[in-house]
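K.L.:
model this:
(2 chains)
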Amino acid sequence: MERYDPQAVEARWQKVWADEKAFETPNPADPAADDSPRAYVLEMLPYPSGDLHMGHVTNYTMGDVVSHFRRRTGHKVLHPMGYDSFGLPAENAAIKTGGKPAEVTARNIARIREQMLRMGWSIDWSRELSTSDPEYYKWTQWIFLRMFERGLAYKRGAAVKWCPQDQTVLANEQVVDGHCERCGTEVEARDLEQWFFRITDYADRLLDDMEKLEQWPERVLTMQRNWIGRSHGAEVQFSVVGGDEAIPVFTTRPDTLFGATFFVLAPEHPMINDLVRGTAAEAEVTDYVRRRGAESVADRMRDDRPKTGVDTGRRVLNPVTNEEIPIWVSDYVLVEYGTGAIMAVPAHDERDHTFALAFGLPIRQVVAATDGADVDVQAQAFTGTGDDAVLVNSGQFDGMTVADAKNAVPAWLAEDGRGEQKTAYRLRDWLVSRQRYWGAPIPIIDCPSCGLVPVPDADLPVRLPEIEDYAPKGRSPLAAAEEWRAVPCPSCGAAAQRETDTMDTFVDSSWYYLRYVNAHDDMEAFAKGDVDWWLPVGQYIGGVEHAILHLLYSRFFTKVLFDAGYLGFEEPFANLFTQGMIYKDGAKMSKSKGNVVAPDEIVNRYGADALRMYVLFMGPPEQDKEWSDSGVLGPSRFLDRLWKAVDRIAAETSGDPLPVAPSGAEGSALDLLRLTHHSIQRVTEDIDRRLQFNTAIAAAMELLNGIEKQRDALLGDPIGGQALRHAAGTLVCLVQPFAPHIAEELWEALGGSRLWETPWPVADPALLIADTFECVVQINGKLRERVQLGCGLPKDEVLAAVKALPKIAEQLEGRELVKEIVVPDKLVNIVVK
RNA sequence: GCCGGGGUGGCGGAACUGGUAGACGCACCGGACUCAAAAUCCGGCGUUGGCAACAACGUGCGGGUUCGAGCCCCGCCCCCGGCACCA
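P.N.:
As a prediction, this is how the structure comes out:
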């Protein structure tokens, strides 16, 4: 056979797979379906920027290894691919170059698809989809309407985050430290009418169902938990002195209610104007509110800012002490959390304490430590809540522990409506409307008499109109398409206007995993029987950067669709694997830093198989990794050596591509058979149970090293030759998920065909057992000697054999024996004095 | 501050259930082949001492449990990620 030429080999097999539709998978209704177990292996779909990057290569190669493995262990595998193709980059590129977003997107998809094909991933291309395709977004709109019907999509005026660069509003999840997640511009606060999804209705289920996600990484669950931010506490009513109204507060410390010595409203609290109108403090309060409002979002988030505030002169009644306490306004209270108002307990809350000191407000201790700790609440807030923290100065609750009082106080308040147990969340409703062009139009019509009316399902999709100017102007570019906008109201027929905002692209990607199942069905988004057959996704793989946004939204969508009866499951992804990022020179690869290594260049030089192996071999898949230009040489050399070794063995032995292990092997032939079967076991475990691809590849490398070491000695011998052929065939089988092209070629050289659907090798238990082992001999826990002993030897015989060793005998000479430990077939430790 | 993850040779990493620390690979050093170089093949490669056999030390730091600790426990330090004036 010729020299290993990755380019030729890879092109050849990619064509075979395409011609034979090797990786297309039937749905249950298809006659080709049978009752073999199924596996849905999915990687997060890419944004088609045009260039495949190393993160994509790692992500999709991991999924591909799992797919191949499942296929060869008897599963029907669904392994699809698509493009998250709506979004700002294509739109911005179109604005810059004068083209159309749809054209830019089509070009980018064509380019990235070509690069993907060169990687040789075993994808069912017949299910390929693009979220910007009307065939797809028709159903995104359909889901929006289901949300609308259920009251889960609604429009309201609210203080929202606005990105002045991208000229659109953002979801809370898309604001990172006060800056736009996408472009890094500092966001502004604006009051706008916007569309929201009521994800907060699902906060409890999103949290509680995480218990079912046993196979999700802890760090992702933690991030979601933090994001949802559930706190149990109480809502307590404080009535305004000299008025009829009561102002509710949320507190997680109802046990400290007797210590509430003042009251604080957020500057945006809706009742402020009424409270101060006509009072002496009106001017000062209004001025304070205006100044806070002018501050940037990022400034308000700075954590070192001093406390500011102003006294309204008005008072509320502490509902348990009946004391009148002053109402202050301060921006340390956030309008969007809880009720936008707090009761301040300076003795037991650090923030309230700081505020009390700054403005000379009274501090009253209501919790004491019983462990003798010195507590001076005038100097410092005491925030202890343990079993040794008990209530004082709290009427009938004196002496009760904090934990008990947290329940007892709200229960007592509830008796006469002064308060009740309550749960608060950090999570806010998901703002989904965007004032940009390249997204799915929101399928709603605004009628002067009927209000917001859904577009009838039969009229979907609401297609994006062709427009001239995509440039953002602070309102949706769709507003300029007046002919498109003007429609009769579906309900009353009067002249009405279409909604002109488009949907956040995260809406598109919140359900794509369902669409793959019936990717080109134009009668429905997906068929319940089919999605229930394939989902939940058996293995989902993607970047940890989507831990909150995409994964939380997708879980929300799945629950909504489940509630509406379209799905038979509540969690979309049974197993989640988050891969680490690839760095170069200590930094994330990026064009601006000029440290991007293009996968294409590596493929041209070393082949896709070498690149596939290297990205997995670099380190544990979930960890961040550092790209090394010379590192790829390891796998590349391995494939070269593999080629030569298998080529020679194929030429000089005969039989099946993977003959049975010859019986009667001994010596180095037997050693090789054992190594082979240990390798099967290691690679199988590493792929199947541990998703630990780096060690699977290391095991394959060790097998090749073993084959090379024995090759010349065994080739002349009939049993040895068969052992070699068995080892070589096995190695090709084990390498196939990682390097599928060369594996097919070598399998063919061994006389086989279609390795991708050849059953995965199974380790022979008899060959996993050795008859001797290297016994480690320790004295006082220190390694002193090693000796080959027979397996299964009784303890006393092992000890006798070990003590007979000259070196050990010498060291035991004249010392008192304290203890002897024998770990069967492993080690001996002799403890002496 | 709270929550989660991590810290092992020159480098990436391995050690899965407490049992030989450093698998596999990169880099480097020496040798073979070559006029020479590249490629390839063979050998070496934690630190210190020693010609060597070998010995001592060694998994962020300090303690503990154990016959035995990279792994378990207690107390710290540092790095990464999430949340954070969230009442």
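
K.L.:
point me to the residue of chain A nearest RNA strand B.
P.N.:
Relative to RNA strand B, the nearest point of chain A is A:G634 (2.3 Å; Cβ to the nearest atom of the strand). All C-beta atoms are positioned from the backbone trio N, CA, C, and that covers glycine.

K.L.:
that residue in helix, strand or coil?
P.N.:
helix (DSSP: H, G, I helix; E, B strand; the rest coil).

K.L.:
where exactly do the helices run in the stretch 101-250 of chain A?
P.N.:
Secondary structure of the stretch 101-250 of chain A by DSSP state H, counting those that start in this stretch: the helices cover A:101-119, A:134-149, A:203-208, A:218-228.

K.L.:
let me redo that: the stretch 401-550 of chain A
P.N.:
A:402-414, A:482-485, A:505-508, A:512-515, A:528-534, A:549-563.

K.L.:
export the helices of the stretch 101-250 of chain A to CSV and tack on mean pLDDT?
P.N.:
Shown next, in CSV, are these (pLDDT from 0 to 100):
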stretch, mean pLDDT
helix A:101-119, 95
helix A:134-149, 97
helix A:203-208, 93
helix A:218-228, 89
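
K.L.:
most tightly packed of these?
P.N.:
Mean neighbour count, computed with mean count of other Cβ atoms under 10 Å, is highest for helix A:134-149 among the helices of the stretch 101-250 of chain A, reaching a mean of 20.

K.L.:
please tell me how far the residue of chain A closest to RNA strand B sits from A:I327.
P.N.:
69 Å (Cβ to Cβ, to the nearest Å).

K.L.:
higher neighbour count, these two?
P.N.:
Neighbour tally, A:G634 and A:I327, criterion other Cβ atoms under 10 Å: the higher count belongs to A:I327, 27 against 17.

K.L.:
pretty sure A:A424 contacts A:P248?
P.N.:
No - A:A424 lies out of contact with A:P248 (Cβ atoms under 8 Å); the separation is 11.5 Å.

K.L.:
which one's more surrounded, the two?
P.N.:
Counted by other Cβ under 10 Å, A:A424 and A:P248 do not tie: A:A424 has more neighbours, with 19 against 15.

K.L.:
leaving out the residues flanking it, which one is nearest to A:W195?
P.N.:
Distance criterion Cβ to Cβ, 6 or more residues apart in numbering; nearest residue to A:W195, sequence neighbours excluded, is A:S433 at 3.9 Å.

K.L.:
actually A:E524, not the one I typed
P.N.:
Excluding the flanking residues, the one nearest A:E524 by Cβ to Cβ, 6+ apart is A:N518, at 7.0 Å.

K.L.:
would you check that that neighbour makes contact with A:A527?
P.N.:
Yes - counting by Cβ under 8 Å, A:N518 does reach A:A527; the two are 5.3 Å apart.

K.L.:
and for these two, which residues touch both?
P.N.:
A:N27 (Cβ atoms under 8 Å, 6 or more residues apart in numbering).

K.L.:
right, and A:H348 touches A:V367 too?
P.N.:
Yes - contact status for A:H348 versus A:V367: in contact at 5.6 Å, counting by Cβ under 8 Å.

K.L.:
anything in contact with each of these two?
P.N.:
Common contacts of A:H348 and A:V367 (Cβ under 8 Å, 6+ apart): A:256, A:259, A:382.

K.L.:
which among the residues you listed gets closest to A:D30?
P.N.:
A:D30 lies nearest to A:T256 out of those, by Cβ to Cβ, at 64.4 Å.

K.L.:
does that closest one count as helix, strand or coil?
P.N.:
helix.

K.L.:
contacts only, for it.
P.N.:
A:T256 makes contacts with A:345, A:347-349, A:366-367, as judged by Cβ under 8 Å, 6+ apart.

K.L.:
show me where chain A dips below the pLDDT cut-off.
P.N.:
A:1, A:31-33, A:297-298, A:301-304, A:372-374, A:586 (pLDDT under 70).

K.L.:
and it, what are its domains?
P.N.:
Using automatic domain parsing, the domains assigned to chain A come out as A:6-130+A:525-599, A:141-198+A:429-506, A:231-424, A:643-768, A:772-832.

K.L.:
A:S510 contacts A:L552, doesn't it?
P.N.:
No - with contacts counted by Cβ under 8 Å, A:S510 stays clear of A:L552, the gap being 9.3 Å.

K.L.:
who's more crowded, these two?
P.N.:
A:S510 (28 against 24).

K.L.:
need the phi and psi values for the more buried one.
P.N.:
When read as degrees, to the nearest 10, the backbone of A:S510 gives phi -80, psi -10.

K.L.:
likewise A:E91?
P.N.:
Taking degrees, to the nearest 10 as the convention, A:E91 sits at phi -70, psi -40.

K.L.:
and for A:D469?
P.N.:
The phi/psi pair for A:D469 (degrees, to the nearest 10) is phi -120, psi 110.
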